Every structure is written in C-alpha cells, then in structure tokens.
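Peer 1: What shape does this take:
(one chain, ligands or ions: 1)
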Amino acid sequence: MSDKSFWLRCEKKPFERRAALTPTTARILIESGFKIYVERDQQRIFDDSEYEAVGCKLVENNSWPSASTDIPIIGLKELPASDSSLSHTHVQFAHCYKQQAGWSSVLARFFRGGGTLYDLEFLNDVNGRRVAAFGFHAGFAGAAAGALAYAAQKTGTKLGSLEPYSNEQAMVTDVKAKLIGREKDVKVLIIGALGRCGRGAVDLFRKIGLDEDNILKWDLDETAKGGPFQEILDVDIFVNCIYLTTRIPPFLTQEQIQSAGNARRLSVVVDVSCDTTNPNNPTPIYSVNTTFFEPTVAADVGAGNPPLDVISIDHLPTLLPREASEQFSADLLPSLLEFPDREHARVWVDAKKLYEEKLAEAAKVENL
Ligand SMILES: NC(=O)c1ccc[n+]([C@@H]2O[C@H](COP(=O)([O-])OP(=O)(O)OC[C@H]3O[C@@H](n4cnc5c(N)ncnc54)[C@H](O)[C@@H]3O)[C@@H](O)[C@H]2O)c1
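Peer 2: Now for the predicted structure:
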C-alpha cells in the first residue's frame, strides 16, 4: 500500500473546463485519508476556492513536473505534445492505445522517464464495462451541436462558436429556440444507440421535441448487414456513437454522398465517436477534429450538391462541464479509493498490464 495522495493537474487543452476530481469527490477522498493537491486553474469550471474549502492543498498552475514522483498525477485529457520524458504515475485519457496519430511517441515519453500510465479509457469493471465515462453527456451535447448546425444550415448560415452551458436545461432551451418549431420535421439516426453516448443523444432529441418515430436507433443488430448505409442519407442528422473495436465496413463514404447528388436528405453528421485518425474510422468523410470555435467542417459533397456539415469535436462533454465532471468523478471514485492498493486491486492491475503491453509495442516501433 503506497501513500494516499493525488495531484489534480490543470488541463491544457483550450476550452477544457472539466475536471477528473471535483470538490465533491476530493472531499470524500480527504475524509478517507488522502492528501489532495490541486493546481490553481482559471479554466476549470470549479473555482480554486471550492477545492480549498474541502481541504485540498492548492499548488501553482502546471507545476506537476516538479511534484514528487510518489504522488500520482490525475488529469483528464492528453498532455501537450512534447519530447520531455515522463517519470510520474499518470491517471488520464492518453488516446495512444489504438494506434492514433503519434501514439508511439507518447508512450516513448513514459518509457524514457520510467513513469506509468493508467488510461481512464481502459479502467473496466468485472463485466468489461468502463467504470467511468463521459459518454452520456458527450452524446447529449453532440446531438445538441448537430441540431444547432442543422438549424443554422436551414436559415442559410453556418454554426458559430459553441460556449459551455451552465446546465442541461439551458442547452435544451437554446436548441429549441434556434430550431424555431422545425423539430417536428427533423429525422435523425443514431448508431450505437444502446451505449452511453447513444443514450445521451437519444435523450437530447427527445427533450428538444422530436417525434419518437423520427429518432432511429441502431446498434449492432442493425449494422450487422454491413455498410455503407443508404438509410443514413435519408435522415437529416446522423450521429455516430459506436465504440470501435475492430475493422468494420464504413457506414458512410464520400463516393456514396457524391453519387447521391441532390437526392440526399442528410445535412449534418455528428461523429461523437471521433475515431478521426483511426485507420478503421467508419465515417471516413472528414479528416480533422473540429473545435468549439469552429464546430463544423464541410464534407466534400461534389459540385452543386446540398451542403453536409460534419461535427467531430473530441471533448463534447465540456459543453456541460459541471454535470459531466460530477458524474464522471463520482463513477471513478470507488476505483480512486483503491488506488493506493493498485498492485492488487483488479481494476488497476488490469490497466497496468495493458499499459505494459502497449509500452512494449511502442518501444519496438520507436526502436527503444
Ligand atoms: N467526442 C467526445 O467528446 C467523446 C466523449 C466520450 C466518448 N467518446 C467516444 O464515444 C464512443 C462511444 O463511447 P460509449 O461510452 O458510448 O461506448 P459504449 O460502449 O457505452 O457504447 C457503444 C455502443 O456502440 C455499439 N456498437 C459497437 N460497434 C458497433 C457497430 N459496428 N455497429 C453498431 N453499433 C455498434 C455497442 O453495441 C454499444 O451499444 C467511444 O469511442 C468514446 O471514446 C467521445
């Protein structure tokens, strides 16, 4: 059993306001004997004072590299690209286990520094389900962004920058206002509808008033026949919410879109799954992640054809930062309480084993 502590680092990705530890979960950890360090951060949705009030020790912004290597560093998103070696134990999403662009160089930093990565995406319960995930709010926010892009397109404009909402109701009210009654005509298709993101997307579409018959919900059974799928071209908004594990036929292709010409109803694609740089991306009609500042990218639809906007934002839940953080952190808490016993606690033992496998693969690729 090692020391009970966590160091909550600041997030460096622009617009990322969420936190892996909230004042609520930090308080419970402290009551259980943990020491919690929190980097001061203006960007985070929670004020520094909220952490201080529950007994956290505030430290300087982005000062974790100088922390003792005995203290595990917890954050959400990947660290900024760099060649510097990593010698701490990091708990975070690193997006480097599925051959994403630059995956081996990220792991090489851990290899060189002797640190350890516990990737939040791969902390699973006994049934193989993620112990904590942001999926529900990602799907909810992605569907909202899709409906906003649709509304903008129908009024001859382009969706402008997105700002985090104070809460879910504010988001629903805003989307409904922008649709100005069009919601009764909107038809959507969600693939991966039985998962976390998919359920969130369905929930948003219901809350903004779509007819239930106009919310098509697909999962493994419906895609088993293999894409590309004409059915996607026949709705207004397509939301991809699958968890990609293997190579599958594409759901949608550029060729299919171009040859449909004017017969295409589809006007917005929201790729919540965001496997943008994954060679097996089932929606290979775009190649960049979009941002809150520039939420849509135009698909190449061929000259004279109606527009098709793609949203591929990889941090959608931050549109609802407070609720998304509270839910994620509460779901993660039981595992965090076990972290000092990580050499024996199953969830952490499995995560470390996976890390070591990926590290070995990266070492080969990088000739380390
Ligand atoms: N863009 C973002 O901000 C954001 C945030 C959170 C999660 N995500 C991503 O969203 C994806 C889904 O996450 P989740 O938590 O909802 O996963 P999940 O496991 O809860 O759900 C995935 C669903 O996809 C279905 N599925 C898998 N392959 C399929 C296929 N070929 N055809 C049809 N359905 C299929 C599964 O049956 C399941 O119901 C992940 O890739 C995750 O990384 C993105």
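Peer 1: Check which helix or strand residue 347 maps to.
Peer 2: Per DSSP states H and E: residue 347 is located in helix 346-365.
Peer 1: again, but for residue 76
Peer 2: For residue 76, there is no host helix or strand (DSSP H and E).
Peer 1: And for it, the neighbour number?
Peer 2: A count of nearby residues for residue 76, using other C-beta atoms under 10 Å, gives 24. In short, each C-beta sits where N, CA and C put it, glycine included.
Peer 1: does it really touch residue 20, like I thought?
Peer 2: Yes: under the criterion of C-beta atoms under 8 Å, residue 76 makes contact with residue 20 at 5.0 Å.
Peer 1: Flag every buried residue along the helix holding residue 347.
Peer 2: In terms of neighbour count (16 or more other C-beta atoms under 10 Å), helix 346-365 has its buried residues at 347-348, 351-352, 354-355, 358-359, 362.
Peer 1: I'd like to know the average pLDDT value across stretch 163-171.
Peer 2: Stretch 163-171 comes out with an average pLDDT of 91.
Peer 1: for stretch 357-364, same thing?
Peer 2: Per-residue scores along stretch 357-364 average to 96.
Peer 1: same check, this time on stretch 138-152
Peer 2: Stretch 138-152 shows a mean pLDDT of 98.
Peer 1: How about that stretch and the ligand, touching?
Peer 2: Yes: Stretch 138-152 reaches the ligand (C-beta under 6 Å from any ligand atom) through residue 138.
Peer 1: Just the C-alphas of that stretch, formatted as PDB.
Peer 2: Extracted C-alpha coordinates of stretch 138-152, given in PDB (Å, rounded to 0.1, in the frame of the first residue of the first chain):
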ATOM      1  CA  ALA A 138     -20.900  13.600 -25.000                       C
ATOM      2  CA  GLY A 139     -23.900  12.100 -26.900                       C
ATOM      3  CA  PHE A 140     -26.300  14.700 -25.300                       C
ATOM      4  CA  ALA A 141     -24.000  17.600 -26.300                       C
ATOM      5  CA  GLY A 142     -23.100  16.200 -29.700                       C
ATOM      6  CA  ALA A 143     -26.800  15.800 -30.600                       C
ATOM      7  CA  ALA A 144     -27.400  19.400 -29.400                       C
ATOM      8  CA  ALA A 145     -24.500  20.600 -31.600                       C
ATOM      9  CA  GLY A 146     -25.900  18.700 -34.500                       C
ATOM     10  CA  ALA A 147     -29.300  20.200 -34.100                       C
ATOM     11  CA  LEU A 148     -27.800  23.700 -33.900                       C
ATOM     12  CA  ALA A 149     -25.800  23.100 -37.100                       C
ATOM     13  CA  TYR A 150     -29.000  21.800 -38.800                       C
ATOM     14  CA  ALA A 151     -30.800  25.000 -37.600                       C
ATOM     15  CA  ALA A 152     -28.100  27.200 -38.900                       C
END
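Peer 1: what sits against the residue in the stretch 151-300 of the chain positioned nearest to the ligand?
Peer 2: Nearest residue of the stretch 151-300 of the chain to the ligand: residue 195, at 1.8 Å (C-beta to the nearest ligand atom). Residue 195 makes contact with 135, 219, 241-243 under the criterion C-beta atoms under 8 Å, 6 or more residues apart in numbering.
Peer 1: Over to residue 324?
Peer 2: By C-beta under 8 Å, 6+ apart, the contact set of residue 324 is 18, 134, 137, 317-318.
Peer 1: if you set the cut-off to 6 Å instead, what comes out?
Peer 2: Taking C-beta atoms under 6 Å, 6 or more residues apart in numbering, we find residue 324 in contact with 18, 134, 137, 317.
Peer 1: and it, how far is that from residue 292?
Peer 2: Separation of residue 324 from residue 292 (C-beta to C-beta, to the nearest Å) stands at 14 Å.
Peer 1: ok, now residue 11?
Peer 2: Remark: distance between residue 11 and residue 292 (C-beta to C-beta) = 14 Å.
Peer 1: who has more neighbours, the two?
Peer 2: Ranked by neighbour count (other C-beta under 10 Å), residue 11 and residue 292 place residue 11 first, with 25 against 18.
Peer 1: residues near the residue in the stretch 251-368 of the chain that the ligand sits nearest to, how many?
Peer 2: Nearest residue of the stretch 251-368 of the chain to the ligand: residue 316, at 3.6 Å (C-beta to the nearest ligand atom). For residue 316, the count of nearby residues is 29 (other C-beta under 10 Å).
Peer 1: isn't it right up against residue 144?
Peer 2: No: using C-beta atoms under 6 Å, residue 316 makes no contact with residue 144, being 8.9 Å away.
Peer 1: between those two, what contacts are shared?
Peer 2: The overlap between the contact sets of residue 316 and residue 144 (C-beta under 6 Å, 6+ apart) is empty.
Peer 1: which residue ranges form the strands in the protein?
Peer 2: Using DSSP state E, the strands of the chain run over 5-8, 35-39, 57-59, 73-74, 89-92, 116-119, 188-191, 215-218, 237-240, 268-271, 297-298, 309-311.
Peer 1: Residues contacting the second one, please?
Peer 2: Yep, that's strand 35-39 we're talking about. Against strand 35-39 from outside (C-beta under 6 Å, 6+ apart): 5-10, 26, 29-30, 51, 56-59, 61.
Peer 1: Quick check: residues of the stretch 51-200 of the chain near the ligand?
Peer 2: With the criterion set to C-beta under 6 Å from any ligand atom, the stretch 51-200 of the chain comes near the ligand through 133-135, 138, 191-192, 194-198.
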